[in-house]
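**Q** sequence first, predicted coordinates after that:
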Amino acid sequence: MDRTSPDLIRLMDAHLALIATDVEQWLALFDEHAVVEFPYAPSLGGPSRLEGIDAIRAYFVPITKHFQGLTCTRLQRYTTTDPEVGWMEVHGAATLQPGNIPYEQDYVMRVQVRDGRIVHYREYWNPLAAPQGTFESFAKEQQA
């Protein structure tokens, strides 16, 4: 018997639909104290952990301006023994700006929900798939 929280599936789907299209609606999916983690981001000059909605907003608003036309395909969802935790695998494709640089990436995402909001999100991706220097320039832009 699947005991997966209905909020988990709804929030996973909404996350993929909104992440690159409407940052404020996407942020509304998160608890105000949510944590977002990118374990491999430090290898490209980015933060590994964002704590709280303000830190998440400060990171994602500039980043999403660079990802144009992000599409997510080949979605696979995996439930766990915890009804509020799930995993997703997805292929993402976008055009990075400036420069119209094609970008493709396979992601693995862990999502934890509580009370209808995402409380913890961890995203794994291959730093070698990023065009050299692209994410480093994003990180510098955020620090300016």
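**A** Received it, and whenever you're ready, just let me know what you need.
**Q** what residue is smack in the middle of the protein?
**A** E123 (5.9 Å; Cα atoms, centre = their mean).
**Q** nearest spatial neighbour of it, skipping sequence neighbours?
**A** Leaving aside its sequence neighbours, E123 sits nearest to M109 (Cβ to Cβ, 6 or more residues apart in numbering; 5.1 Å). Backbone N, C-alpha and C define where each C-beta goes, glycine included.
**Q** dig out what that neighbour forms beta bridges with.
**A** Applying DSSP bridges to M109 gives these bridge partners: M88, E123.
**Q** need the CA coordinates for stretch 103-123. PDB is fine.
**A** Output of stretch 103-123 as PDB, limited to C-alpha atoms (Å, rounded to 0.1, in the frame of the first residue of the first chain):
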ATOM      1  CA  TYR A 103      22.600  23.200 -21.800                       C
ATOM      2  CA  GLU A 104      21.500  19.700 -20.900                       C
ATOM      3  CA  GLN A 105      21.700  18.000 -17.500                       C
ATOM      4  CA  ASP A 106      20.400  15.000 -15.800                       C
ATOM      5  CA  TYR A 107      19.200  15.700 -12.200                       C
ATOM      6  CA  VAL A 108      18.400  13.700  -9.200                       C
ATOM      7  CA  MET A 109      16.200  15.500  -6.700                       C
ATOM      8  CA  ARG A 110      15.200  14.700  -3.100                       C
ATOM      9  CA  VAL A 111      12.100  16.400  -1.900                       C
ATOM     10  CA  GLN A 112      10.800  16.500   1.700                       C
ATOM     11  CA  VAL A 113       7.400  18.100   2.500                       C
ATOM     12  CA  ARG A 114       5.600  19.000   5.700                       C
ATOM     13  CA  ASP A 115       2.200  20.700   6.100                       C
ATOM     14  CA  GLY A 116       1.800  21.300   2.300                       C
ATOM     15  CA  ARG A 117       5.200  22.900   1.800                       C
ATOM     16  CA  ILE A 118       8.700  21.800   0.700                       C
ATOM     17  CA  VAL A 119      10.900  21.900   3.800                       C
ATOM     18  CA  HIS A 120      14.000  20.300   2.300                       C
ATOM     19  CA  TYR A 121      15.200  20.100  -1.300                       C
ATOM     20  CA  ARG A 122      18.500  18.500  -2.500                       C
ATOM     21  CA  GLU A 123      19.500  18.500  -6.100                       C
END
